[in-house]
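**Q** okay, here's the prediction I keep looking at, along with the sequence it came from:
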Amino acid sequence: MLHNRWIILALLFLVRAGMGVQFQLVPSLAPLFIESFALTVAEIGLLIGIYQAPGIFLALPGGTVARRFGDKRVVLAGLALMTVGGLVMVAARNGEILLAGRLIGGAGGILMNVVMTKMVTDWFAGREMNTAMAIYVNSWPCGIALALVVLPGLAEYAGLVAGVLAVVVYCAVALAGMALLYAPPPAVPTSGAAATGWPDARVIVALLLAGSVWGLYNAGLAVVFSFGSLMLAERGYSMIAAGAVTSIVLWVAALSVVLGGVIADKSGRPGGVIALSLAGFALAMLLASRSDAVTVIFALMGLVGGLGAGPVMSLAAQVLTPATRAVGMGIFFTFYYAIMMCAPWLAGTLAEIFGSARVAFDAGAAALLLAFPFWGVFHMMQKALRARQVV
């Protein structure tokens, strides 16, 4: 068992990366899924977004179940569902079974993600929270980038089933690693509010606002890795080349996400980092589908866009106490998953209506700009809650 918080964070990083790999399976191999299952672009968008759909129903129960059965058991159950969902996709012969596999895998990913975020909060509360959360959330883009680089080449060489099986293997190895290596943090002190674990009503509103900011931020990112390859294919790129260029966003973000967390911790101004990230990311998305300097723009997108991930993900922790973290993170992720379920489908539908994946990028930029008012109201509520000593 591991007991150093940074080694624990590394383990959680590698395990959660499997969720990014599994999510990205369909976008990375979209042309092969379209060819093999006769799917439309809008149906690909649905297949991408449906992975997040169980979060609307499982994020909150996942937090309460973790309070009863323990964090580690719930994470292991989530990883088991991810493995089973992948196996269902291996056996799929039509779009309906593919959809079922995505739902099962997504349900597992939601359970794992909600509880593992609480694990990070428990290990780093009162310490390097922005930095730790930035590293942790980095696992998602790193998993996606890994899928973009590895899966297209593997599928072209050995077929679509081989690509799906590779994801199943990753999930199974993550399950074994978590079972053998994870140890809980030292006991976290609780207050009298622990009887129910439910936050104050004003805190719940703040969590819904924070979840909306996190959802809209990720909606922009999701558009990049969901439709980047299709947008580049429209411009003459091969599937492998399009995947490689799209992955640049995520490899650069792997560095800038950590940088943003460190800057937020050292400067004490996470709000400035969030504002710069949202505005710069939106501008880069608008330029990406219109500029010939594709590689440069995609790198810029990752550099600026990644800065805000840690501070945005830390918003929920700023209004939660140890007693309310399990349920509170469930509330936070419920709104996040509602947005993430709809975003790829909406972007795909708009792209099909207007006949170009470029429109999906414009929708992603709009989502990033829409996050500003939600974040502004959250910031005001957070100050009011602190003044009243609710958090």
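**A** In hand now; what should we look at?

**Q** secondary structure class of Gly261, three-state.
**A** At Gly261, secondary structure determined by DSSP: H, G, I helix; E, B strand; the rest coil is helix.

**Q** thought Gly310 was touching it, still the case?
**A** Yes. The pair Gly261 / Gly310 is scored as a contact, 3.3 Å apart, by Cβ atoms under 8 Å. In this view, the C-beta of every residue, glycine as well, is placed from N, C-alpha and C.

**Q** who touches both of those two?
**A** Shared contacts of Gly261 and Gly310, defined by Cβ atoms under 8 Å, 6 or more residues apart in numbering, are found at Asn130, Thr131, Met133, Ala134, Ile135.

**Q** Leu32 sits in which helix or strand?
**A** Using DSSP states H and E, Leu32 sits within helix 30-37.

**Q** run a quick neighbour tally on the closest residue to Asn218 other than its chain neighbours.
**A** The shortest distance from Asn218 to any non-neighbouring residue, by Cβ to Cβ, 6 or more residues apart in numbering, is to Met340 (5.8 Å). Neighbour count of Met340, defined by other Cβ atoms under 10 Å: 25.

**Q** dump the residue contacts of Met340.
**A** By Cβ under 8 Å, 6+ apart, the neighbours of Met340 are Gly49, Gln52, Gly55, Gly215, Asn218, Ala219, Ala222.

**Q** any idea how far Trp214 is from it?
**A** Remark: distance between Met340 and Trp214 (Cβ to Cβ, to the nearest Å) = 9 Å.

**Q** please verify my assumption that Leu259 contacts Ala309.
**A** No. Assessed by Cβ under 8 Å, Leu259 is found out of contact with Ala309, at 10.3 Å.

**Q** so where's the longest helix in this protein?
**A** Identified as the longest helix of the chain according to DSSP state H is helix 201-234.

**Q** buried set for that helix?
**A** Under the neighbour-count criterion of 16 or more other Cβ atoms under 10 Å, helix 201-234 has 203-207, 209-234 buried.

**Q** now it and helix 30-37, what's the angle there?
**A** Relative orientation of helix 201-234 versus helix 30-37 (axes from the mean of the first three to the mean of the last three Cα atoms, to 10 degrees): 80 degrees.

**Q** any idea how far helix 201-234 is from the chain center?
**A** 8 Å (Cα atoms, centre = their mean, to the nearest Å).

**Q** for it, give the mean pLDDT please.
**A** Confidence over helix 201-234 (mean pLDDT, whole number) is 88.

**Q** renumber starting at 657 from here on
**A** Got it, the first residue is 657 from now on, which makes the last one we talked about helix 857-890.

**Q** find the nearest non-adjacent residue to Val1033, please.
**A** Distances taken as Cβ to Cβ, 6+ apart place Leu865 nearest to Val1033, at 5.6 Å, with adjacent residues excluded.

**Q** wait, what's in contact with that neighbour?
**A** Leu865 neighbours (Cβ under 8 Å, 6+ apart): Phe1030, Trp1031, Val1033, Phe1034, Met1037.

**Q** how near is it to Met969?
**A** From Leu865 over to Met969 (counting by Cβ to Cβ), the distance is 14 Å.

**Q** picking up where we left off before, report the buried members of the contacts of Leu865.
**A** Phe1030, Trp1031, Phe1034, Met1037.

**Q** lowest-confidence entry in these?
**A** Met1037 (89).

**Q** okay, and Arg946 sits in which element?
**A** Element membership of Arg946, judged by DSSP H and E, is empty: it is in no helix or strand.

**Q** Arg672 is in contact with Asn834, correct?
**A** Residue 834: Met, not Asn. No. Counting by Cβ under 8 Å, Met834 sits too far from Arg672 to count as a contact (10.1 Å).

**Q** quickly find the element holding Ala1040.
**A** In this structure, Ala1040 sits in helix 1014-1043 according to DSSP H and E.

**Q** list the buried residues of that helix.
**A** In helix 1014-1043, the ones that count as buried by 16+ other Cβ under 10 Å are 1014-1024, 1026-1028, 1030-1031, 1034-1035, 1037-1038, 1041.

**Q** same question for stretch 917-925.
**A** Those would be Gly917, Val918, Ile919, Ala920, Asp921, for stretch 917-925 by 16+ other Cβ under 10 Å.

**Q** which helices and strands sit right next to the helix or strand hosting Val823?
**A** Using DSSP H and E, Val823 maps to helix 816-837. In terms of contacts (3 or more Cβ pairs under 8 Å, 6 or more residues apart in numbering; DSSP states H and E), helix 816-837 is packed against helix 661-684, helix 686-693, helix 727-747, helix 785-814.

**Q** give me the contact list for that helix.
**A** With contact meaning Cβ under 8 Å, 6+ apart, helix 816-837 is reached by 657-658, 667, 670-671, 674, 677-678, 681, 684-685, 688-689, 692, 728, 731-732, 735-736, 738-739, 742-743, 745-746, 761, 803, 806-808, 810-811.
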